[in-house]
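Enquirer: Structure of the sequence below:
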Amino acid sequence: MSSTVKVPDIGGFEAVEIIEILVQPGDTVSKEQSLITLESDKASMDIPCPQAGVVKKLLVKLGDKVSEGTPIIELQAASAEAQDAKPTPQPTPKPASPDPKPASPDPQSASLSAQVLVLGAGPGGYTAAFRAADLGLKVVLVERYPSLGGVCLNVGCIPSKALLHAAKVITEAEEMAHHGVSFAKPVVDLDTLRNWKANDVVAKLTNGLMGLAKARQVTVIQGTAQFTSPNTVSVQGADGQAKTIHFENAIIAAGSSAIKLPFQPDDPRVIDSTGALALADVPARLLVIGGGIIGLEMGTVYDALGSRVTVVERGPQLITGCDPDL
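Expert: Below you'll find the model as predicted:
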């Protein structure tokens, strides 16, 4: 029996481009095998096959824009015997005999076991976890914060670009006065702006990642991990409970965070980029220390919202290393 495989829930994205087609008509595919790769503004994702079978027809081509519900392929479902049979695994090189090392705790005593343990669910961590799962490995993904995506999706690239879009709309409306079209001065509702950034932009992406993790059967644990042996970690969960995870391979993708300068005064007016993105208020005057990309992005946003912004850069130009003409 044939069926049409469609794009599942991808976090509310619309018109996402296909950058790679991973199967062709006549290919035999297994359940959860990747069919196509999509790329949005800041993330790429593979779309898995919901069941085993044979690809009868491709319904999309490279470069097409797809959304939830878009047909991808016509699939001839495999027989019951074929579905029960496991696909022939890809040959993997056997690891060389390791040097003697301290005995690891018995895997049977661990709360969880994984072939691949990934620490950190930022763009590096979640893509590694998803790829390992696509290859048929059992994956556990540990993230200290409640949502996936790391700094980029939660307090970095994505929310900053959302606010830059709002700033661009404000400045373009002002500039239209020179062309004969004048608008009233904008009224900024910070609560609504924060809610749009957090729920309509950031949450849509992070919820989409959780859906992709679930579709790939990646186990996601919130907590902080500490290595206790060469093959185990102890994860202190957000609920205060500790779990022991036994793993065969581990990927450390913990990312980084800005250091708080030791001489920095304990003053609520002194904030970092995360604090700037929180939009607690719009000050009358704002000093930005550092004329790099992040500093200029935040300066642009607050300037459009009504702050008088001053940028201090110790180097000879803004965005050091970039073409001076820019």
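Enquirer: Neighbours of the spatially closest residue to residue 320 that is not a sequence neighbour, how many?
Expert: The shortest distance from residue 320 to any non-neighbouring residue, by CB to CB, 6 or more residues apart in numbering, is to residue 292 (7.1 Å). In short, each C-beta sits where N, CA and C put it, glycine included. Residues within reach of residue 292, counting by other CB atoms under 10 Å, total 16.
Enquirer: Test my guess that residue 292 contacts residue 317.
Expert: No. Look at residue 292 against residue 317 with CB atoms under 8 Å: they stay out of range, at 10.9 Å.
Enquirer: State the distance from residue 246 to residue 126.
Expert: From residue 246 across to residue 126, the span is 22 Å (CB to CB, to the nearest Å).
Enquirer: what does residue 156 give?
Expert: In terms of CB to CB, residue 156 sits 14 Å off from residue 126.
Enquirer: the more surrounded of these two?
Expert: For residue 156 versus residue 126, the count of surrounding residues by other CB under 10 Å is larger for residue 126: 27 against 20.
Enquirer: what's near enough to touch that one?
Expert: By CB atoms under 8 Å, 6 or more residues apart in numbering, residue 126 lies in contact with 118, 141, 148-150, 209, 213.
Enquirer: Give me the three-state assignment for it.
Expert: What DSSP: H, G, I helix; E, B strand; the rest coil gives for residue 126 is helix.
Enquirer: Now do it, the pLDDT please.
Expert: pLDDT, residue 126: 96.
Enquirer: average pLDDT across stretch 224-238?
Expert: Averaged across stretch 224-238, the pLDDT comes to 95.
Enquirer: residues of that stretch that come out buried?
Expert: Buried positions in stretch 224-238, judged by neighbour count with 16 or more other CB atoms under 10 Å: 225, 231-235.
Enquirer: Give me the distance between the two termini of that stretch.
Expert: Across stretch 224-238, the terminal residues are separated by 8 Å (CA to CA, to the nearest Å).
Enquirer: Bridged to residue 222, which residues?
Expert: Here residue 222 sits in beta bridges with residue 143, going by DSSP bridges.
Enquirer: How about the contacts made by it?
Expert: So residue 222 contacts 142-146, 237-238 (CB under 8 Å, 6+ apart).
Enquirer: want to throw those residues into JSON lines with distance to residue 263?
Expert: Formatted as JSON lines, the contacts of residue 222 follow (distance: CB to CB, whole Å):
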{"residue": "142", "distance to residue 263": "34"}
{"residue": "143", "distance to residue 263": "32"}
{"residue": "144", "distance to residue 263": "28"}
{"residue": "145", "distance to residue 263": "28"}
{"residue": "146", "distance to residue 263": "32"}
{"residue": "237", "distance to residue 263": "36"}
{"residue": "238", "distance to residue 263": "33"}
